[in-house]
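In: No letters, just coordinates:
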């Protein structure tokens, strides 16, 4: 045996330990490198447009003037529509799964909802573009505009104006809602299961109905978990790319109507990256990516910090 | 009298909410079935011998298949697993065994959780600036690295969780008979947590094999067979994106076929991994 061989067998314990430490450090390295790389490769755009990039709504490759506002607006609006639908829905689905359904039914339904999370984003995109968007244009949007008369409704009327084209903010929001639903529902289920039975039973003992126990006891008791779930859903929806790119319409303009085409940060990147021939165009797109990275990082950071605090406070497995 | 109507109103609210919650669950399942059915119906129409064996044809010429994209996706995913799985596995080992209560361990755990929430398109952009820009060409290895970065935190998290489930008595007995820790980890803990670890790896592979966004800027796409790892490489997901956005009907048909192939694989691996875990916990 060579000297190296005997050294190896003698110190393998230390080597193995350091190897795992190096692997663990890679994660930190990747995270740091992500910020540095994106910032460095966006330097032309950062130098040219500065922080004003965030609220400038000009996006003109012909003039080489770029601003992120329409993309940020689209990202936020589509995400808000998604959460507006997904959060209440996941509350009642969790209620059904934990409190109302027979255990076998709950297992099957719960499994089906979880399966929604396994479908790849691009499949949602295909289905959204070729099946769901036409359905929205022919059935849902005319129904909202005419049958419910939302187009002429005061205050919210402008959200539902315009031609029913199918693609646009509303369709994107609904598909995003479907995609984040399983993640939020999973946390909601934990919240429902976390409430000590004795607390619920006391409420039942006072003559409360199931719904009253749910919204006056369970949801109040688990309100922090519910907020954590919303954060997680928010983080997921913000960066969703393929499904959004297929159905949002990819137009750089801001419109109050949910029926109009728009874009999001991720969809702009996916759509225009191949066309970016000028260095400033490429750097502007990477700058846009940096904005999305910072947004999701902050939200994830807040969510993790929140969940960690929660775990410490309750000692429960969330 | 007033009291009675109040009770009835409360009961009515309760009944409504019960119905609403059942309906919401049904809506979720309805959408799942709708999506699965759409993809199955349109995808099956695209399947034929050529789909699996032929190269894509230029627009306007009938026929053609996605053989190069199928091979490309398999290759990129395998390479990603080769990089991502060991890194994730040993990160998980560090978190569960060596750095459980250390400050550094806590920092890594926190970062892993954040990394899981970073959009995959940002990972693609990052690898683009790292491996595509400096070398001036798209490549299969850049695609593999971006998928590996997405796998890493998933594998690390499940490894940590699964090793955490192994009873301490097992660790102590291994050390008591004089095993070094590395030996105890590799031969005892890995073996005892085997199905859990495998589940984590399978779920990570399933997740990345359906990813599109990170490949757009790294592996890109190509209508030819690959000749090496350092060139644009055809893959199913980017092909779906390109073909679905094209104006040609036979390309759209191919896109549906590719969608079905990806969906069946991803859902199949997912369900398999879950039954594996269920048997383990039982």
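Out: It's in. This one's a predicted model, so the numbers in the text were calculated from it and none came from an experiment. Numbers count the residues shown, from 1 in each chain, chains lettered A, B, ... in the order given.
In: May I have the residues that are in contact with residue B:38?
Out: A:127, A:130, A:131 (C-beta atoms under 8 Å, 6 or more residues apart in numbering or on different chains). Glycine gets a C-beta too; all of them are placed from N, C-alpha and C.
In: again, 6 Å this time
Out: When contacts are counted by C-beta atoms under 6 Å, 6 or more residues apart in numbering or on different chains, residue B:38 is found next to A:127, A:131.
In: Next, it: secondary structure please.
Out: At residue B:38 the chain is in helix, as set by DSSP: H, G, I helix; E, B strand; the rest coil.
In: name the element the spatially most central residue of chain B belongs to?
Out: Within chain B, one residue has its C-alpha closest to the average C-alpha position: by C-alpha atoms, centre = their mean, that is residue B:207, at 0.7 Å. Taking DSSP states H and E as the criterion, the element that holds residue B:207 is helix B:194-209.
In: Wondering if that helix reaches chain A at all.
Out: No. Under the criterion of C-beta under 6 Å from any C-beta of the partner chain, helix B:194-209 makes no contact with chain A; the nearest approach is 7.0 Å.
In: for the residue in the stretch 1-150 of chain A that chain B sits nearest to, phi and psi?
Out: Closest contact between the stretch 1-150 of chain A and chain B, by C-beta to the nearest C-beta, is at residue A:120 (2.8 Å). Its backbone dihedrals place residue A:120 at phi -60, psi 150, with angles given as degrees, to the nearest 10.
In: Retrieve the pLDDT associated with the closest residue to chain B within the stretch 201-318 of chain A.
Out: At 2.3 Å from chain B, residue A:239 is the closest residue in the stretch 201-318 of chain A, using C-beta to the nearest C-beta. Predicted confidence (pLDDT) at residue A:239: the value is 89.
In: The nearest residue to it once chain neighbours are set aside: how many residues sit nearby?
Out: Nearest-residue entry for residue A:239: residue B:119, 2.3 Å, with adjacent residues in sequence omitted and distances by C-beta to C-beta, 6 or more residues apart in numbering or on different chains. Using other C-beta atoms under 10 Å in any protein chain shown as the criterion, residue B:119 is surrounded by 24 other residues.
In: For residue B:119, what are phi and psi?
Out: Here the main-chain torsion angles of residue B:119 (degrees, to the nearest 10) amount to phi -60, psi 140.
In: wait, doesn't it sit right on residue A:237?
Out: No. With contact defined as C-beta atoms under 6 Å, residue B:119 and residue A:237 do not form a contacting pair (10.0 Å).
In: helices or strands up against the helix or strand bottoming out on mean pLDDT in chain A?
Out: Within chain A, confidence by mean pLDDT, DSSP states H and E is lowest for helix A:141-142 among all helices and strands, at a mean of 84. Using 3 or more C-beta pairs under 6 Å, 6 or more residues apart in numbering or on different chains; DSSP states H and E as the contact test, no helix or strand touches helix A:141-142.
In: Now name the helix or strand holding the nearest residue to residue A:69 once chain neighbours are set aside.
Out: Counting by C-beta to C-beta, 6+ apart, residue A:57 is the residue found nearest to residue A:69 once chain neighbours are left out, at 4.1 Å. Taking DSSP H and E as the definition, residue A:57 sits outside all helices and strands.
In: Pull the contacting residues for residue A:57.
Out: For residue A:57, the contacting residues are A:67, A:69, A:70, by C-beta under 6 Å, 6+ apart.
In: Residue A:107 versus the closest residue to residue B:20 other than its chain neighbours, what's the distance?
Out: Closest residue to residue B:20 apart from its sequence neighbours, by C-beta to C-beta, 6+ apart: residue A:92 at 5.6 Å. When distance is defined by C-beta to C-beta, to the nearest Å, residue A:92 is 18 Å away from residue A:107.
In: Looking at the two now, which is surrounded by more residues?
Out: Looking at residue A:92 and residue A:107 with other C-beta under 10 Å, you find the greater number of neighbours at residue A:92, namely 23 against 12.
In: Tell me if that one really is in a helix.
Out: Yes. Counting by three-state DSSP, one finds residue A:92 located in a helix.
In: what does the stretch 1-150 of chain A put close to chain B?
Out: The stretch 1-150 of chain A has residues A:13, A:16-17, A:20-21, A:23-24, A:26-28, A:31, A:34, A:37, A:41, A:89, A:92-93, A:95-96, A:109, A:112-113, A:116, A:118, A:120, A:122-123, A:126-127, A:131 near chain B, with proximity defined as C-beta under 6 Å from any C-beta.
In: So for the closest residue to chain A within the stretch 51-200 of chain B, what's the pLDDT?
Out: Among the residues of the stretch 51-200 of chain B, residue B:119 lies closest to chain A, at 2.3 Å counting by C-beta to the nearest C-beta. In this prediction, residue B:119 carries a pLDDT score of 94.
In: same thing with residue B:281?
Out: We have a pLDDT of 60 for residue B:281.
In: and the residues of the stretch 1-150 of chain A next to chain B, which are buried?
Out: Buried members of the residues of the stretch 1-150 of chain A next to chain B, counted by 16 or more other C-beta atoms under 10 Å in any protein chain shown: A:16-17, A:20-21, A:23-24, A:26-28, A:31, A:34, A:37, A:41, A:89, A:92-93, A:95-96, A:109, A:112-113, A:116, A:118, A:120, A:122-123, A:126-127, A:131.
In: Nearest residue to the spatially most central residue of chain A in space, please, no chain neighbours.
Out: With distances taken as C-alpha atoms, centre = their mean, the residue of chain A nearest its centroid is residue A:237 (1.7 Å). With sequence-adjacent residues excluded and distances taken as C-beta to C-beta, 6+ apart, residue A:237 is closest to residue A:79, at 4.3 Å.
In: Helix or strand: which one has that neighbour?
Out: Under the criterion DSSP H and E, the helix or strand holding residue A:79 is helix A:69-95.
In: domains in chain B, as residue ranges please.
Out: Per automatic domain parsing, the domain ranges recorded for chain B read B:2-44, B:51-281.
In: related to what we said a few turns ago, please name the residues that touch the closest residue to the residue of the stretch 1-150 of chain A closest to chain B other than its chain neighbours.
Out: The spatially closest residue to residue A:120, leaving aside those adjacent along the chain, is residue B:210, at 2.8 Å (C-beta to C-beta, 6+ apart). Contacts here follow C-beta under 6 Å, 6+ apart; on that basis residue B:210 touches A:120, B:262, B:266.
In: Isn't the residue nearest to residue A:237 up against residue A:240?
Out: No. With contact taken as C-beta under 6 Å, residue A:79 and residue A:240 are classed as non-touching, separated by 8.6 Å.
In: Identify, by residue count, the longest helix of chain A.
Out: Using DSSP state H, we find that the single longest helix of chain A is helix A:3-41.
In: buried ones in stretch A:287-301?
Out: By neighbour count with 16+ other C-beta under 10 Å, stretch A:287-301 contains the buried residues A:287-293, A:295-297, A:299-301.
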